[in-house]
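Following is a predicted model, sequence given first.
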Amino acid sequence: MPSPAELRLDPTGRSLPPEKKAALDAAWRECAETILLSTTLAQSGHPGGSLSLINVLLTLYGIAKVRPETIHDPARDAILVSNGHISPGVYAALAAHGFVTHEQVRIGFRRAGSAFAGTLAIK
């Protein structure tokens, strides 16, 4: 699994360097596994939308000016997700970028009291 630093992208770049493509491919595989395991273990959720958008989410978080250490910085970027049925993908992308772990998402998705309740909400 690539590190969050390996997934950071330069939005001014004209092409994607091979090492970044390899890191994104590895992250996609890990995220796809997280999406499928979390929805299967919970016996709930919609993996299709998440699987179709995981590349977009990985890229978006790779370009955005937000990191786990700057989450409360008012100058950070805020990402608003309005597609409600892709929460497993959002959680997996957050794990890939170091906000949480894949294990937390896999075990906690749709569990009572978990931070990964299944419906994305602003808190």
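In hand now; what should we look at? Predicted, not measured: the structure shown is a model, and the values here were computed from it.

Which strand or helix spans the residue nearest the centre of the chain?
Geometric centre of the chain, nearest residue: Ala93, 0.9 Å, by C-alpha atoms, centre = their mean. Using DSSP states H and E, the element containing Ala93 is helix 87-96.

Pull the residues that contact that helix.
1-2, 4, 7, 27, 30-32, 34-35, 38-39, 45-47, 49-51, 53-54, 57-58, 60-61, 81, 100-102, 104-105, 109, 116, 118-120 (C-beta atoms under 8 Å, 6 or more residues apart in numbering). To be clear about C-beta, it is placed using only N, CA and C from the backbone, and glycine gets the same treatment.

Which of the residues you listed are buried? Put it as a PyMOL command.
Selection command for PyMOL covering only the buried members of the contacts of helix 87-96, criterion 16 or more other C-beta atoms under 10 Å:
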select buried, resi 2+4+7+27+30+31+32+34+35+38+39+45+46+47+49+50+51+53+54+57+58+60+61+100+102+104+105+109+116+118+120
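
where along the chain do the helices fall?
Ranges of helices in the chain, per DSSP state H, are 4-7, 18-42, 47-63, 87-96, 102-108.

For the last one, which helices and strands make contact with it?
Contact analysis of helix 102-108 by 3 or more C-beta pairs under 8 Å, 6 or more residues apart in numbering; DSSP states H and E lists helix 18-42, helix 87-96 as its packing neighbours.

For Ala112, see how far away the residue of the chain positioned farthest from its centre is.
In the chain, the residue that sits farthest from the middle, by C-alpha atoms, centre = their mean, is Arg14; the gap is 23.8 Å. Separation of Arg14 from Ala112 (C-beta to C-beta, to the nearest Å): 48 Å.

Kindly report the same for Gly89.
22 Å.

Likewise for Leu24?
On the measure of C-beta to C-beta, Leu24 and Ala112 end up 34 Å apart.

Just want to know which of these two has more residues nearby.
Leu24 (22 against 6; other C-beta atoms under 10 Å).
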